[in-house]
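*Asks:* sequence and computational prediction follow.
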Amino acid sequence: MENSAGALIIDTMSKRILLGVTGGIAAYKSPDIVRRLIERGAEVQVVMTAGAREFVQPLTFQAVSGREVRSDLWDETAERAMSHIELARWADLVLVAPATADFLAHLTHGMADNLLSTICLATSAPIAVAPAMNRLMWSNPATQANIATLRVRGVQVFGPDSGSQACGETGEGRMMEPADIAASAFAVLPAEGPLQGRKVLITAGPTRERIDPVRFISNRSSGKMGYAVAQAARDRGAEVILVSGPVNLQAPPGVRRVSVESAAQMLDAVMSEIAGTDIFIGTAAVADYRPSSPADCKIKKVSDKLDLCMERTVDILATVSQRADRPFTVGFAAETNDMEQHALSKLTRKNLDLIAANEVGDAKVFEADDNALTLFWPNGGKLSLGAGAKTELAVKLVDFIAARFNERAARPKIAVVR
Ligand code: CTP
């Protein structure tokens with residue numbers, strides 16, 4: 001899978017998602033759902049109901065999806081290109097977001113009087129709905145009975161969330177946030193892709209090293225990059241275990257999270273999950289030092305100076321890569337200067353198969369949603385993934401890892417005769 005320039009050709013397994021948009025005010029958030037699905041590697045075909053067109057212009061969806069929007073069951077020209085039956089067959093998932101109370105009633109009763117509900121009847125793909133409506137419409141027994149019926153039939157229901165509503169009221173009925181809808185949609189899709197059947201173990205976030213019962217030393221890692229990598233690996237079919245330091249993020253759907261605080265706990269968690277791991281990705285900003293003797297009681301300010309004696313923590317990444325049954329091992333390097341030189345030194349020193357390096361300049365990268373990554377691997381390999389959203393970069397990174405891992409797994413093993 002290498003081209004003449006020695007660069008790996010990345011295999012992307014795109015999922016086909018048909019996004020139905022129905023006529024609720026939350027439709028203004030649906031272009032963002034399209035963007036987030038595409039970021040995660042999906043192809044998206046938008047189908048709008050007449051009501052949805054009252055809220056958002058089809059042109060907006062065409063611009064973000066790169067595909068002509070469909071809305072009419074009786075459009076001969078569009079039907080010639082791809083009929084409603086072909087659309088129903090094309091989809092790996094039909095996702096309706098927002099799904100109004102009226103649409104849910106249509107779906108429950110098997111109506112086929114518009115393009116979207118006809119597709120829902122004609123598809124054998126899984127169907128997911130993200131309801132959005134006024135809290136009283138949501139709690140109405142008719143809507144609740146419809147939802148219960150749909151659930152029994154296997155329709156996935158995402159949300160709704162609680163909070164302030166467009167109508168000025170507060171309660172349950174708000175559409176789930178676009179990023180969460182996109183993540184849930186991928187969790188519904190069958191886990192298949194280049195990492196199917198593979199176990200991927202990922203560390204993420206910061207660690208906290210105790211000074212006394214109320215204080216700790218930590219760093220600015222938000223965990224966003226590691227969580228995005230976990231999601232991307234899950235989307236490519238892997239069984240994913242995410243060993244995470246304290247962060248403010250939800251575990252991605254379909255990913256098993258093991259929560260830890262300190263570097264020592266992270267090491268223990270990794271070691272108890274390492275058996276059978278095919279790929280290990282260390283994205284965590286693990287503390288390199290910890291207070292040697294954390295105090296049992298709160299330290300009081302009795303003097304002008306306080307000296308903290310620190311000791312080295314164990315390098316988790318290097319420990320994993322030294323194992324006889326070492327998985328394909330990937331590290332991260334966050335550098336403020338001489339990025340390439342430091343990344344290459346870590347690649348060799350820690351015996352890695354790949355290292356993803358980024359500049360952390362004034363440490364803005366840690367909390368940001370964007371990043372820029374350059375990959376290095378043994379024997380002079382180098383590839384810039386460019387700058388972009390962490391979610392997008394995570395997909396590119398995981399595709400690259402999958403390609404290299406699968407290429408190595410396919411290589412015939414050479415027996416060494418002594
Ligand atoms: N790492 C780890 N365990 C540690 C320290 C680091 O697993 N105790 C991993 C990180 O998850 C990352 C990689 O090692 O994948 C690089 O981490 P970094 O702290 O930047 O590298 P160091 O080798 O500690 O070098 P330095 O701090 O001097 O830059």
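*Replies:* Nice, thanks for sending it over. Numbering: from 1, shown residues only.

*Asks:* Ala263 reaches Val314, doesn't it?
*Replies:* Yes - at 7.1 Å, Ala263 and Val314 qualify as touching, with contact defined as C-beta atoms under 8 Å. Using the backbone N, CA and C atoms, a C-beta is placed for each residue, glycine as well.

*Asks:* what does the stretch 151-300 of the chain put close to the ligand?
*Replies:* Proximity of the stretch 151-300 of the chain to the ligand, by C-beta under 6 Å from any ligand atom, involves residues 203, 263, 282, 284, 286, 288.

*Asks:* most neighbours of all the residues you listed, which one?
*Replies:* Thr203 (30 neighbours; other C-beta atoms under 10 Å).

*Asks:* and what about that residue, helix, strand or coil?
*Replies:* Secondary structure state of Thr203, per DSSP: H, G, I helix; E, B strand; the rest coil, is strand.

*Asks:* could you check how far it is from Asp278?
*Replies:* Look at Thr203 and Asp278: by C-beta to C-beta, to the nearest Å, they are 16 Å apart.

*Asks:* for Val320, same thing?
*Replies:* Applying C-beta to C-beta to Val320 and Asp278 gives a distance of 12 Å.

*Asks:* His84 too?
*Replies:* The spacing between His84 and Asp278, counted by C-beta to C-beta, is 41 Å.

*Asks:* neighbour count: those two, which is higher?
*Replies:* Neighbour totals were compared for His84 and Asp278, and His84 leads with 23 against 16 (other C-beta under 10 Å).

*Asks:* any residues in contact with both of Val320 and Asp278?
*Replies:* Pro327 (C-beta atoms under 8 Å, 6 or more residues apart in numbering).

*Asks:* how about the residues of the stretch 301-418 of the chain by the ligand?
*Replies:* Neighbours of the ligand within the stretch 301-418 of the chain, by C-beta under 6 Å from any ligand atom: 313, 315-317, 331-334, 346.

*Asks:* possible to save those residues as JSON lines with distance to Gln57, secondary structure and pLDDT?
*Replies:* Shown next, in JSON lines, are these (distance: C-beta to C-beta, whole Å; DSSP: H, G, I helix; E, B strand; the rest coil; pLDDT from 0 to 100):
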{"residue": "Thr313", "distance to Gln57": "54", "secondary structure": "coil", "pLDDT": "98"}
{"residue": "Asp315", "distance to Gln57": "54", "secondary structure": "coil", "pLDDT": "98"}
{"residue": "Ile316", "distance to Gln57": "50", "secondary structure": "helix", "pLDDT": "98"}
{"residue": "Leu317", "distance to Gln57": "49", "secondary structure": "helix", "pLDDT": "98"}
{"residue": "Gly331", "distance to Gln57": "46", "secondary structure": "strand", "pLDDT": "98"}
{"residue": "Phe332", "distance to Gln57": "41", "secondary structure": "strand", "pLDDT": "97"}
{"residue": "Ala333", "distance to Gln57": "45", "secondary structure": "strand", "pLDDT": "95"}
{"residue": "Ala334", "distance to Gln57": "42", "secondary structure": "strand", "pLDDT": "89"}
{"residue": "Lys346", "distance to Gln57": "49", "secondary structure": "helix", "pLDDT": "97"}
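
*Asks:* can I get the residues you listed in CSV including neighbour count?
*Replies:* As requested, these are exported to CSV (neighbours: other C-beta atoms under 10 Å):
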residue, neighbour count
Thr313, 18
Asp315, 19
Ile316, 24
Leu317, 23
Gly331, 27
Phe332, 25
Ala333, 22
Ala334, 22
Lys346, 21
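
*Asks:* spit out the contact partners of Thr207.
*Replies:* 218, 245, 260-263, 265-266, 284-287, 313.

*Asks:* pLDDT weak spots in the stretch 1-150 of the chain?
*Replies:* With pLDDT under 70 as the threshold, the stretch 1-150 of the chain has low-confidence stretches at 1-13.

*Asks:* can you pull out the helices in the stretch 51-200 of the chain?
*Replies:* All helices of the stretch 51-200 of the chain, identified by DSSP state H, counting those that start in this stretch, fall at 58-65, 76-81, 84-90, 101-108, 115-122, 135-139, 141-152, 178-188.

*Asks:* next, format these as a markdown table and append distance to Val255.
*Replies:* As requested, those are exported to a markdown table (distance: least, C-beta to C-beta, whole Å):
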| stretch | distance to Val255 |
| --- | --- |
| helix 58-65 | 26 |
| helix 76-81 | 38 |
| helix 84-90 | 28 |
| helix 101-108 | 29 |
| helix 115-122 | 29 |
| helix 135-139 | 29 |
| helix 141-152 | 23 |
| helix 178-188 | 9 |
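
*Asks:* between those helices, which gets nearest to Val398?
*Replies:* Among the helices of the stretch 51-200 of the chain, the nearest to Val398 by C-beta to C-beta is helix 178-188 (12.5 Å).

*Asks:* ok now do Ile25, which residues does it touch?
*Replies:* 55, 132, 166.

*Asks:* again with Gly159
*Replies:* 130-131, 174-176, 180-181.

*Asks:* rerun at 6 Å
*Replies:* When contacts are counted by C-beta atoms under 6 Å, 6 or more residues apart in numbering, Gly159 touches 130, 176.

*Asks:* and the pLDDT at it?
*Replies:* Gly159 carries a pLDDT value of 93.

*Asks:* mind checking the backbone torsions on it?
*Replies:* phi 80, psi -150 (degrees, to the nearest 10).
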